[in-house]
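S.K.: Show me the folded form of this:
(2 chains)
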Amino acid sequence: MINEKQTVNFEERLQKEFDKVKKNIKKPNILLVGGTGVGKSSIINMIFGDGTATVGHSQPETRGIKKVDQNKDVVLYDTEGFEIGEDSEEAFHKNVLGFIEKKKKETEENQIHLVWFVISGSSDRVTDYDIKLHKELKELGIPVAIIFSKCDNADEKSLNNMIVRLFPTTNYDKAFESNSNPFFTTTDGQSIEEEPNLSIKKVVDWSLGKLPEQLKEAFISAQQLNLEAKYDSAKSIVLQHTAGNAMVGGSPIPFSDAPLLILSQAGMIGRIVNLYGIDKVGISDFMKSTGSSLIIGNLGKSIAGNLLKFIPGIGTVIGGLINATVASAITYSMGTATNMILYKILSNQLAGEKDTVTEILENFGPQFKELFKEAFKSKI
Amino acid sequence: MEGYNLMILGKSGVGKSSLLNYIFGKDVAKTGSGEPVTKQGFHLEPGNINGKNVNIYDSWGLEPGKTDIWLNDFEKFIENKRKESDIKKWIHTVIFCISAEGKRIEPFEKKVLKFLRIEKLKPVIVITKADADKDKIFKKEVFKITGIEPIEVCSVNKIIGLGSNKREINGYGREEIIQNILKNSVESFKERFKYIKYGILSERATNGEIQIMHYVSKEIKSVESFINNIAERDSKNILNKVDYELRSYEIATERMIDKLLKDAEYFYKDKILSSYKKGRTPQNKLSTIMNKPTKEESVGFWDIILIPFVIVPVIIEESWLYLSDESKYDFEDRVRKIVNGHFKKSLRNI
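M.R.: Residues are numbered from 1 along each chain as shown, chains lettered A, B, ... in the order given. Next up is the predicted model:
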């Protein structure tokens, strides 16, 4: 049986693995461009969570560029909005383009991977300068998204004129419903409800499509608008670990090594927990401890403590063997149960359903067990 | 073309043209979206509103990348208008537009506002697209920075929103802005008139001195004895004549300024106030304000006119004691000092 000590070990191990993931994950670098007051901060907060872009959370990276430091799996570079005034514009141009060029010469990791160019949709103007900047950014070979903000106050005719200035071959009608550049967004919830094409989720999905494979996981983790992407990504993580978990030479492992098997799943679990990005800001609103450690604690106890008890036919057998099928079923079920319970927690948290989240956390063990059992049954 | 000269300033796309159309109720200016509409420089768009000539100086909107050129044009333009003493050529109202969407006044806009303040062209500050500032936070911010209470305007009944989010919003702010423009025009008139008046008085003082000294020289020449000095009695006569000349000159100056003021008042009522016929123009109130300057300034004037009666006789008394055998040069010098000191005093009283 798994004893007390092993329970603690698993929690510790899980925390360790989680920290490792956080430390080593490859983060995409996103550059935000746009004049003062266009709403970059609101957009950042909507995509990555409230409080991501606030005063005091950013440090100057170089003149005109500040790194938004928010402990998430993306690196955001925000440009100090370009203001009207000759000195200001020239400086801006030099700073921003210079910064990108500088990064290009560094490692793959340090490149700017995406540019989000925000223009106020209700400003009625795309200036010559906007066009120039847009062109030069594209020429640097980086994917650029044009994001029209405040579209709850925009009007179709003006937007059409603006779009044509930037993309001569398209128009408002074509662009509005498409899932590609340019994007029409607002951070007003009610407007999004009335008109789903205004959702910033389109920007998230487009960005995901443009990022290189190794950076996708981090981006999915940091954003909070596309939960399905998290779920799917977790599923594929589970599959990776399940497939890779075939034992050396296919020989069965002794039951006494079961704990070790379980322990070795910590890496997979750690990755999945990170994917859901349930962090301090969210959970601690209604719980005392921080989000991820709360989850990890609960998972630790659930997995290590009672798991083997409810694997049919294994629990009480001493000297029994775990064969490949069972081993991979265990892995699969652990991953799937984790995926599903985290999905439930995050989606309720984002919807503001505090009571539901509290309930899930209070009944973590039993719920996890149920999910595990179901997943296990489907594999055996 | 003579008329009401109205200048409107603001960033590209802030809604200046829409604002003008909204205030005057007609398609006064060309509006548009996409590419910035008004071309470079300051143009005079001759307009005709309610039968009156209105000249709108519609500035080419401030855009990034073109600000130095704009500032240059702007400064040159204002300098040309600065010393204009002909009220018909003044800029009678300046409207400065800021959009509520940007939620801040940019450094460049602050520069322009500062420049206007220095040139004593106090603008009416309008916050356009004010539906974006429902909580009025931006309005407070603008007041804090500029010291001028802004007017919020949403100039068009429009359909905004995209797809299923479309809805109609109504315009507002028209009455308030008209009242504000009228009040502002009168206030700025008072300000500038003081300045103009000072200019006129300085010029008149300089010319007056020359004129009167010229007269004095002639008089001295006609009475000097063959030994180059002037008799007591003759010098007394000359001083009396100087006194008279000074008074006449001042009355003439006063009449000049008075006429200027009356012409200005008429011009304002005829050209400016009546442009806003559709709005409520509290005509009575304004003409009271208009009349006040005349009374205030004439207090100063009466002071000036009274001085000679008090001072000059005293001087004559004194100088009489010392005037026996006064050489004509000493006498001329003394008179010059009297005249000079007199005009200096009148300028100090403004």
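S.K.: C-alpha only now, for contacts and for neighbours.
M.R.: Noted.
S.K.: Can you pull the phi/psi pair for residue B:119?
M.R.: Per-residue torsions, residue B:119: phi -80, psi 10 (degrees, to the nearest 10).
S.K.: Next, count neighbours for the residue nearest to it when sequence neighbours are not counted.
M.R.: Using C-alpha to C-alpha, 6 or more residues apart in numbering or on different chains and skipping the chain neighbours, the partner closest in space to residue B:119 is residue B:82 (7.3 Å). By the criterion of other C-alpha atoms under 10 Å in any protein chain shown, residue B:82 has 16 neighbours.
S.K.: how near is residue B:82 to residue B:192?
M.R.: 10 Å (C-alpha to C-alpha, to the nearest Å).
S.K.: What of residue A:140?
M.R.: 55 Å.
S.K.: for residue B:77, same thing?
M.R.: Distance of residue B:77 to residue B:192, given as C-alpha to C-alpha: 17 Å.
S.K.: Between those two, point out the one with more neighbours.
M.R.: residue B:192 (19 against 13).
S.K.: The stretch 51-200 of chain A: strands as residue ranges?
M.R.: Assigned by DSSP state E, counting those that start in this stretch, the stretch 51-200 of chain A shows strands spanning A:58-62, A:65-68, A:75-79, A:114-120, A:144-149, A:183-184.
S.K.: Need those strands in a markdown table (columns: mean pLDDT and distance to chain B).
M.R.: As requested, the strands of the stretch 51-200 of chain A are exported to a markdown table (pLDDT from 0 to 100; distance: least, C-alpha to the nearest C-alpha, whole Å):
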| stretch | mean pLDDT | distance to chain B |
| --- | --- | --- |
| strand A:58-62 | 53 | 20 |
| strand A:65-68 | 80 | 18 |
| strand A:75-79 | 89 | 16 |
| strand A:114-120 | 94 | 8 |
| strand A:144-149 | 96 | 11 |
| strand A:183-184 | 96 | 9 |
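S.K.: So which of these is the most surrounded?
M.R.: Highest mean neighbour count among the strands of the stretch 51-200 of chain A (mean count of other C-alpha atoms under 10 Å in any protein chain shown): strand A:183-184, with a mean of 28.
S.K.: So which residues make contact with that strand?
M.R.: The contact list for strand A:183-184 (C-alpha atoms under 8 Å, 6 or more residues apart in numbering or on different chains) reads A:121, A:145-149, A:151, A:175-176, A:197-200, A:202-203.
S.K.: Export the strands of the stretch 51-200 of chain A as JSON lines, with columns for distance to residue B:107.
M.R.: Formatted as JSON lines, the strands of the stretch 51-200 of chain A follow (distance: least, C-alpha to C-alpha, whole Å):
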{"stretch": "strand A:58-62", "distance to residue B:107": "20"}
{"stretch": "strand A:65-68", "distance to residue B:107": "19"}
{"stretch": "strand A:75-79", "distance to residue B:107": "17"}
{"stretch": "strand A:114-120", "distance to residue B:107": "19"}
{"stretch": "strand A:144-149", "distance to residue B:107": "23"}
{"stretch": "strand A:183-184", "distance to residue B:107": "29"}
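S.K.: which stretch among those strands comes nearest residue A:275?
M.R.: Residue A:275 lies closest to strand A:75-79 among those, at 15.9 Å (C-alpha to C-alpha).
S.K.: Could you count how many residues lie near residue A:350?
M.R.: As a burial measure, residue A:350 scores 14 neighbours (other C-alpha under 10 Å).
S.K.: Same check on the one 4 residues further on?
M.R.: Other residues within reach of residue A:354, judged by other C-alpha under 10 Å, total 16.
S.K.: Next: the one 3 residues further on.
M.R.: Close neighbours of residue A:357, defined as other C-alpha under 10 Å, add up to 20.
S.K.: Just the mean pLDDT for the helix or strand where it lies, thanks.
M.R.: Secondary structure from DSSP states H and E places residue A:357 in helix A:354-362. Computed over helix A:354-362, the mean pLDDT rounds to 86.
S.K.: tell me what it is packed against?
M.R.: In this structure, helix A:354-362 makes packing contacts with helix A:324-350, judged by 3 or more C-alpha pairs under 8 Å, 6 or more residues apart in numbering or on different chains; DSSP states H and E.
S.K.: Tell me which residues of the helix it packs on come out buried.
M.R.: A:324, A:326-343, A:345-349 (16 or more other C-alpha atoms under 10 Å in any protein chain shown).
S.K.: Just the angle for that helix relative to helix A:354-362, thanks.
M.R.: 150 degrees (axes from the mean of the first three to the mean of the last three C-alpha atoms, to 10 degrees).
S.K.: so what does helix A:324-350 touch, helix or strand wise?
M.R.: Going by 3+ C-alpha pairs under 8 Å, 6+ apart, helix A:324-350 lies up against helix A:227-244, helix A:266-276, helix A:354-362, helix A:364-379.
S.K.: out of the ones you listed, deepest packed?
M.R.: Comparing the helices and strands packed on helix A:324-350 by mean neighbour count (mean count of other C-alpha under 10 Å), helix A:266-276 ranks first with a mean of 24.
S.K.: could you dump it to PDB, C-alpha only?
M.R.: Taking Å, rounded to 0.1, in the frame of the first residue of the first chain, the C-alpha atoms of helix A:266-276 are listed here in PDB:
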ATOM      1  CA  ALA A 266       4.600  13.700 -12.100                       C
ATOM      2  CA  GLY A 267       6.100  15.300 -15.100                       C
ATOM      3  CA  MET A 268       3.000  14.800 -17.200                       C
ATOM      4  CA  ILE A 269       0.800  16.100 -14.400                       C
ATOM      5  CA  GLY A 270       3.100  19.100 -14.000                       C
ATOM      6  CA  ARG A 271       2.800  20.000 -17.600                       C
ATOM      7  CA  ILE A 272      -1.000  19.700 -17.500                       C
ATOM      8  CA  VAL A 273      -1.300  21.900 -14.400                       C
ATOM      9  CA  ASN A 274       0.800  24.500 -16.100                       C
ATOM     10  CA  LEU A 275      -1.300  24.400 -19.200                       C
ATOM     11  CA  TYR A 276      -4.300  25.500 -17.300                       C
END
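S.K.: Quick one, grab the pLDDT at residue A:141.
M.R.: At residue A:141, the predicted lDDT confidence score is 91.
S.K.: no, scratch that, I was asking about residue A:39
M.R.: Per-residue confidence (pLDDT) for residue A:39: 85.
S.K.: and the gap between the closest residue to it other than its chain neighbours and residue A:221?
M.R.: Spatial nearest neighbour of residue A:39, chain neighbours left out: residue A:149 (6.6 Å); criterion: C-alpha to C-alpha, 6+ apart. From residue A:149 across to residue A:221, the span is 24 Å (C-alpha to C-alpha).
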